[in-house]
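Undergrad: everything below, folded, please.
(2 chains)
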Amino acid sequence: MKASAAERAVAPPPDDGASEPDDSVLVRKARDGDLNAYDELVRRYQERIYATVYHMTAHHEDANDLAQETFIKAYQALGSFKGEAGFFTWLYRIAVNRTLNFLKSRKTRHHLSLNDVDARIEHDPDWIALVSERTPRRDLSLAELQKNLNIALQKLSDVHRAVVTLHDIQGFSHEEIGRIMDCSSGTVRSRLHYARQQLQAHLGPYVK
Amino acid sequence: MESLRKLLAIKRHESPPPGYFATFSAKVIARIEAGESVDALPWWRRFLLILAARPSLASGFALIVGLSVLGAIGVAPAVRSGDLEGDLMLGSAPVAIQAALGGWSERGATPAPETYYLGASSVAPVLARQTGPFEGFVLRPASLSVAH
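TA: Numbering: from 1, shown residues only, chains lettered A, B, ... in the order given. Reported below is the predicted structural model:
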């Protein structure tokens, strides 16, 4: 049975015992200076970290820089990683915090630099259901919907956009998001509720 | 809300250019190997962070600083004691220099190597000045007197 987007996004790679060492093993080796071990960690999480940062910034070049900096920063801070939260959660925390700091320091609203939507969307049940409904969005192109969606997301505050990214796009639970953003799951829920209301208002006819 | 959830499916399918991730980790590792720092911290803050991360290094550094402070404290009483024979005080130096200058001017054009006694202690280095108008001029520790 195909894993849901949430399950794919949240769960660390399966450990088959033979060829996939556990994160903790790789972290220990990397801490001792084994860059090959750290390279493996980067490969495991590069797509998810990049995606998180990209969805928060809607800018490929910024996402590229911030994602690389996240992994560099994580390597430099390996000595302070205590292992209480998983490496995955700790890495996400670095990514989200760095991105929020970057967005805060960015004085003016950046223009969008959107990635292409890959063809696999045509097989996504949510997308199929969306375009099959008799609504104004049915007549719009994918590019136009993508642009309007990203503009609406950029209208949210950075923190609200982060919560929508982690929950509604990447499939993290409220508790996981709370650990990443260092807040209670109740706070996550209320931010998510507010963010969705804002998106509904900004997107108007596209979500009716 | 359900429509919004479905619309967000678009975001899940946004992908960077083909081949992007093939070189991503190599670039990260290359930047790590180059010693790149992603935080624009001043050198002294980076030094403090290193000490915080390595307690043994911090202990060594603290020991060096402590010994330096103790050394300075140990020397200070000798400086304050007022004993010109064995102290480092240079307050008498102007007197010695004036006397020597006076002696020099009396002798004429080319001064013989003069000796200035600045009340240095026996452990203070002897300052030999070999340049300028006072070439060959040598400072030696001794009691305060001016040799002609």
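
Undergrad: and the closest residue to A:Arg189 other than its chain neighbours, what does it touch?
TA: Distances taken as CB to CB, 6 or more residues apart in numbering or on different chains place A:His174 nearest to A:Arg189, at 5.7 Å, with adjacent residues excluded. For every residue, glycine as well, the C-beta is placed using N, CA and C. Residues in contact with A:His174 (CB atoms under 8 Å, 6 or more residues apart in numbering or on different chains) are A:167, A:185, A:188-189, A:192.

Undergrad: let's see that with 6 Å instead.
TA: A:185, A:188-189 (CB atoms under 6 Å, 6 or more residues apart in numbering or on different chains).

Undergrad: look up how far chain B lies from it.
TA: Separation of A:His174 from chain B (CB to the nearest CB, to the nearest Å) stands at 15 Å.

Undergrad: what about A:Asn64, neighbour count?
TA: A:Asn64 has 19 neighbours, counted by other CB atoms under 10 Å in any protein chain shown.

Undergrad: please report how far it lies from A:Thr70.
TA: Counting by CB to CB, to the nearest Å, the separation of A:Asn64 from A:Thr70 is 11 Å.

Undergrad: what of B:Gly66?
TA: Taking CB to CB as the measure, B:Gly66 falls 39 Å from A:Thr70.

Undergrad: now swap in A:Asp34 and tell me
TA: 20 Å.

Undergrad: only the C-alpha atoms, please, for stretch A:69-81, written as CSV.
TA: Output of stretch A:69-81 as CSV, limited to C-alpha atoms (Å, rounded to 0.1, in the frame of the first residue of the first chain):
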residue,chain,number,x,y,z
GLU,A,69,23.7,26.4,5.3
THR,A,70,21.4,24.2,7.5
PHE,A,71,23.5,21.2,6.9
ILE,A,72,26.8,23.1,7.4
LYS,A,73,25.4,24.6,10.6
ALA,A,74,24.2,21.2,11.8
TYR,A,75,27.7,19.7,11.2
GLN,A,76,29.3,22.5,13.1
ALA,A,77,26.9,22.0,16.0
LEU,A,78,27.1,18.2,16.1
GLY,A,79,29.0,18.6,19.4
SER,A,80,26.0,20.1,21.0
PHE,A,81,23.5,17.6,19.7
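
Undergrad: buried stuff in that stretch?
TA: By 16 or more other CB atoms under 10 Å in any protein chain shown, the buried positions in stretch A:69-81 come out as A:69-76, A:78, A:81.

Undergrad: just stretch A:146-157 next, same as before
TA: Within stretch A:146-157, the residues scored as buried using 16+ other CB under 10 Å are A:146-150, A:152-154, A:156.

Undergrad: okay, those residues in CSV with pLDDT next?
TA: Below are the buried residues of stretch A:146-157 laid out as CSV (pLDDT from 0 to 100):
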residue, pLDDT
A:Gln146, 90
A:Lys147, 90
A:Asn148, 90
A:Leu149, 93
A:Asn150, 93
A:Ala152, 94
A:Leu153, 95
A:Gln154, 94
A:Leu156, 95
